[in-house]
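Asks: The following block contains a protein sequence and its predicted model.
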Amino acid sequence: MSTVLVVGAGGREHALAWRLAQSPHVTRLILAPGNAGMHSDWERWMISQTDGKPDYISLAVRAKNEGVSLVVVGPDDPLAAGIVDVFEAEGILCMGPSGKAAQIEASKSLAKDVMLAAGIPTARHWTVTSVEEARKILVSVPWVPGGGWVIKADGLALGKGVQVCDSFDAAEKAVSELFPLFKKLVIEEKLHGEEISWMAFCDGQRCALLDPARDYKRLLNKNQGPNTGGMGSFSPVPGIPEGLEARIRSQVFLPALAEMKKRGIPFRGVLYAGLMFDAATDQFWVLEFNARFGDPETQVLMPRMEGDFFEWCIAVAKGDMSSLPERVPFSRETALYVVAASRGYPGHTDTGKRVELRSGALGTYFFSGVRYENKDLVTSGGRVLGALGVGGNLALAKETAYRALSEVHFEGMQFRSDIGDLE
Ligand code: AMP
Ligand code: GLY
């Protein structure tokens, strides 16, 4: 009988907790901090601040005193700040990488070093530390017609530090915009194809792949508008050729884990490879590694995953998945998730709008930006909630998710109507 603590406040953490609650081993669930839309049986702990920073030491001491036996960490910031090291110092098992291993996401240059050393296919890139150096690279590398550059900040920038540029002028502009904000930039050649989010449970040397997922990062239909934290997702991804998974396992995950181990920073947790796959040439590249579950991909993976998620978390946290299968089992159904966001998102947003769920609404919802005002559930941020649909195929999953979403209303609610449409 176990008490499990989930760290984070969004839809991803809601889905993780929802799935953990289904395990016969889990008797008590705590969210830190969670949000007001989550199940009332789950406890919520606030994370106190010390010197303007979240105080993970106090959280870990409290967790130890209250008998927490497993911690599952959702977001990237606490991982990069070393939350797992703090909990482990208290003797508590953690599903997540050490602060050092989490740098595979936080530092784009470390990610590239690992990819190059391990022979993992990725875009050609150059790391630069000044505008002059960046210009030199931009002019010396010939402009390929139909090509392009991607300029990325080194460090966690929540997707805001990446600019995809289709012309030399745009690339130069991006460099001059990003340099005052960041000390180091990575310049990459632009790749073409379809993006796939592929995650694996990793115990430091072994990996077990989950099913792939697709997320929709842009705000508006047809992938228009600004980048967001994610407006929807679905899983599995149709059209993935037979044998790609085995290649991803042997050419991406296993070499990355071996390289991290060789560097003395073995990776235990969920490793997420953001891939570009070009079906025409049957080639793939790794765009990025994340050291955590994807959001909103987790919201479509948890409903389809078979077996006991808790057991996977324990095995990962202990660094020994030897008794579990080489691949995580998934149902054959499709899951699709549509996010509803506040007016103004991803910029400055409305808050305090009453969130109404038509009485008798039967859908499954994962909440993120909500709080209580008196007894009303009201919006408190950008992404408010998402509706889940599960069905025998993509069309049925889409229909179910949008039907569930139609039961929800709040003033200024915006969502994409094309989640699930293939380009
Ligand atoms: P990243 O934070 O590195 O994943 O970049 C954010 C997004 O920018 C990715 O999800 C892609 O949509 C896009 N992107 C990043 N790198 C490239 C690249 N080399 N070629 C094309 N698109 C890219
Ligand atoms: N869905 C993209 C991410 O979690 O980074």
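Replies: Okay, I see it. Ligands and ions are numbered 1, 2, ... in the order given.

Asks: Which helix or strand contains the residue nearest to Glu194 when sequence neighbours are not counted?
Replies: Leaving aside its sequence neighbours, Glu194 sits nearest to Phe277 (Cβ to Cβ, 6 or more residues apart in numbering; 5.6 Å). All C-beta spots, glycine's among them, are computed from the backbone N, C-alpha and C. When elements are assigned from DSSP states H and E, Phe277 belongs to strand 268-278.

Asks: which helices and strands does the helix or strand following that strand pack with?
Replies: Per DSSP H and E, the first helix or strand lying C-terminal to strand 268-278 is strand 283-290. With contacts taken as 3 or more Cβ pairs under 8 Å, 6 or more residues apart in numbering; DSSP states H and E, strand 283-290 sits against helix 103-106, helix 108-118, helix 244-248, strand 268-278.

Asks: Output those as CSV; include the columns distance to ligand 1.
Replies: As requested, those are exported to CSV (distance: least, Cβ to the nearest ligand atom, whole Å):
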stretch, distance to ligand 1
helix 103-106, 9
helix 108-118, 7
helix 244-248, 16
strand 268-278, 5
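
Asks: Ok, which of those comes nearest ligand 2?
Replies: strand 268-278 (6.8 Å; Cβ to the nearest ligand atom).

Asks: Now do the contacts for the residue in the stretch 251-400 of the chain positioned nearest to ligand 1.
Replies: With Cβ to the nearest ligand atom, the shortest gap between the stretch 251-400 of the chain and ligand 1 falls at Glu288, namely 3.7 Å. Contact partners of Glu288, counting by Cβ atoms under 8 Å, 6 or more residues apart in numbering, are Glu105, Lys108, Ala111, Ala273, Gly274.

Asks: could you redo the last one with a cut-off of 7 Å?
Replies: Ala111, Gly274 (Cβ atoms under 7 Å, 6 or more residues apart in numbering).

Asks: Next one, pLDDT for the residue nearest to Glu194 please.
Replies: Here, the pLDDT recorded for Phe277 equals 96.

Asks: Counting neighbours, what do you get for it?
Replies: Other residues near Phe277 number 22, with proximity taken as other Cβ atoms under 10 Å.

Asks: The one 5 residues further on too?
Replies: The local packing count at Asp282 equals 11, with neighbours defined by other Cβ under 10 Å.

Asks: Could you report the neighbour count for the residue in the stretch 201-350 of the chain that ligand 2 sits nearest to?
Replies: Nearest to ligand 2, among the residues of the stretch 201-350 of the chain, is Gly294, at 3.5 Å (Cβ to the nearest ligand atom). The tally of other residues near Gly294 (other Cβ under 10 Å) stands at 22.
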